[in-house]
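Participant: Need a 3D model of the following:
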Amino acid sequence: MNAARRKELDALIVEIDALRGKVEDLKGSLEGPMGEEQEYYDNMPEGFQNGDKGERAQAAVTAMEEADGKLDEAVTALEEAVASLEESKE
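Facilitator: Residues are numbered from 1 along each chain as shown. Predicted coordinates for the structure are as follows:
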C-alpha cells in the first residue's frame, strides 16, 4: 500500500472513531429520558397504564429502547469498519 492510500485510511479511521464517539454520546443522552418515561409509566395507577396515557408512555419507551439497540448496532459496525481498515493497512 502506498503512502497516500495509507494516509487516506488513517484519516477515515479518525473520522469513523469520531462518529462512533458521537453515537455513544447519543446513547448516553437517550438513557435519561428513557428511564424517566419508564418510571412515569411504572408509577401510573393501573387504570392509567391500560389507558391512552399508559399506551403512549409505553410506546415511547419501546421506541427509545429500539433506538438504543440500533445505536448499539451502529457502534459495533463502526468498530468493525475501523478494524477492517486497520487490517487493510498492513
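Participant: switch to C-alpha atoms for all contacts and neighbour counts from now on
Facilitator: Will do.
Participant: Please name every helix or strand in contact with the longest helix along the chain.
Facilitator: Counting residues, the longest helix in the chain under DSSP state H turns out to be helix 3-42. Judged by 3 or more Cα pairs under 8 Å, 6 or more residues apart in numbering; DSSP states H and E, helix 3-42 is in contact with helix 52-89.
Participant: try 10 Å this time
Facilitator: For helix 3-42, the elements it packs on are helix 46-49, helix 52-89, judged by 3 or more Cα pairs under 10 Å, 6 or more residues apart in numbering; DSSP states H and E.
Participant: what separates it from the chain centre, distance-wise?
Facilitator: How far helix 3-42 lies from its chain's middle: 6 Å, per Cα atoms, centre = their mean, to the nearest Å.
Participant: Report the rounded mean pLDDT for that helix.
Facilitator: Summarised as a single mean, pLDDT over helix 3-42 is 91.
Participant: Identify each buried residue in that helix, please.
Facilitator: Buried residues in helix 3-42, counted by 16 or more other Cα atoms under 10 Å: 6, 9-10, 13, 16-17, 20, 23-24, 27, 34, 37-38, 41.
Participant: so how far is residue 56 from residue 66?
Facilitator: Separation of residue 66 from residue 56 (Cα to Cα, to the nearest Å): 15 Å.
Participant: can you pull the contacts of residue 12?
Facilitator: Counting by Cα atoms under 10 Å, 6 or more residues apart in numbering, residue 12 makes contact with 6, 18, 81, 82, 85.
Participant: what would those residues look like in TSV with distance to residue 45?
Facilitator: Below are the contacts of residue 12 laid out as TSV (distance: Cα to Cα, whole Å):
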residue	distance to residue 45
6	61
18	44
81	47
82	48
85	53
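Participant: farthest-separated two in the residues you listed?
Facilitator: 6 and 18 (18.5 Å; Cα to Cα).
Participant: now stretch 46-62: how far from the chain's centre is it?
Facilitator: 24 Å.
Participant: List the buried residues of that stretch.
Facilitator: 49, 54, 57, 58, 60, 61.
Participant: What are the contacting residues of that stretch?
Facilitator: The contact list for stretch 46-62 (Cα under 10 Å, 6+ apart) reads 33-45, 63-68.
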